[in-house]
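>>> I'll drop the sequence and a predicted model, then ask my questions.
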Amino acid sequence: MTYKPLNLTPELHEYLLAHSTPPDPIIADLIAETRQNLPEAAGMQVAPEQAAFLKMLATVTGAKRAVEIGTFTGLSALAIARGLGADGRLNCYDISTEFTDIARRYWARAGVDDRIELRIGPAADSIRDLPEDEHLDLVFIDADKENYTNYWNALLPRVRKGGLVLVDNVLWSGRVLDPQNDRDRGVADFNAAAVGDPRVELVIVPIGDGITMARKK
Ligand SMILES: C[S@@+](CC[C@H](N)C(=O)[O-])C[C@H]1O[C@@H](n2cnc3c(N)ncnc32)[C@H](O)[C@@H]1O
């Protein structure tokens, strides 16, 4: 029998949300402020269920040292930082102070600001300044689709064996099936490179716009 994938209708998506632990008031406010103040850009924010998933992964893997590429208004970073716990450390990279000023406010409100270090500038430059040894437990890549493969290649050697690399938007609203522009090709080429990379085993989790979850062997 051929496996029939789930068709996640809007009603079923609502049901999924209603039967998952709801966002706390801080996350609910961050989502609302992002949608109200940045309506054009708000679609960049990870979905609430993705945020919950990121926190869950950081928690169950016992991750302590993490890097995020693409922070925006800070939802995914807030989730990861909570999962890392009080003795965790998250390095966040983004090019926008407008977006990340909002993030800083919410991290402070959540009491996780002391475990997050935000650096403004192209992520490729910031990655270069990271130690080169296998010290990272968790990486989340969510910016600049054309450079997904470059970020992967720069960060994977810095991930410890058994560590996780998570990559957002890997289904790219279906455009990976018929790439039309550089961003589409960036995601599709990354997916092809990642699945053929002998350093990892990976699964694409169809949550939000699709998250690659890769474990370094
Ligand atoms: C999809 S959003 C990130 C969403 C975020 N993870 C969240 O949970 O809300 C992408 C972010 O990447 C940033 N960005 C774009 N190009 C970048 C680059 N070359 N280096 C670092 N950040 C970049 C943008 O400013 C934007 O805030």
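Okay, I see it.
>>> strands of the chain, start to end?
65-69, 89-94, 116-120, 136-141, 159-168, 200-205, 211-216 (DSSP state E).
>>> and the fifth one, what other elements does it pack with?
Other elements packing on strand 159-168 under the criterion 3 or more Cβ pairs under 8 Å, 6 or more residues apart in numbering; DSSP states H and E are helix 48-60, strand 136-141, helix 148-155, strand 211-216. For every residue, glycine as well, the C-beta is placed using N, CA and C.
>>> can you do 6 Å?
When contacts are defined as 3 or more Cβ pairs under 6 Å, 6 or more residues apart in numbering; DSSP states H and E, strand 159-168 sits against strand 136-141, strand 211-216.
>>> repeat that for the second one.
Applying 3+ Cβ pairs under 6 Å, 6+ apart, one finds that strand 89-94 makes contact with strand 65-69, helix 75-84, strand 116-120.
>>> rounded mean pLDDT for the longest one, please.
Average pLDDT, helix 75-84: 98.
>>> ok, D142 to E11 distance?
As for D142, its distance to E11 is 28 Å (criterion: Cβ to Cβ, to the nearest Å).
>>> the residue nearest to the spatial centre of the chain bridge partners, please.
Centroid-nearest residue in the chain, with Cα atoms, centre = their mean: F140, separated by 4.1 Å. Per DSSP bridges, the residues bridged to F140 are E68, L166.
>>> then stretch 96-110 to CSV, C-alphas only?
The C-alpha trace of stretch 96-110 is given here as CSV (Å, rounded to 0.1, in the frame of the first residue of the first chain):
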residue,chain,number,x,y,z
SER,A,96,18.6,44.6,10.9
THR,A,97,18.5,46.7,14.0
GLU,A,98,14.9,47.7,13.3
PHE,A,99,13.7,44.1,13.5
THR,A,100,16.0,43.0,16.3
ASP,A,101,15.3,46.0,18.6
ILE,A,102,11.9,44.3,19.0
ALA,A,103,13.5,41.0,19.7
ARG,A,104,15.7,42.5,22.5
ARG,A,105,12.6,43.8,24.3
TYR,A,106,10.9,40.5,24.3
TRP,A,107,14.0,38.5,25.3
ALA,A,108,14.4,40.9,28.3
ARG,A,109,10.7,40.5,29.2
ALA,A,110,11.2,36.7,29.1
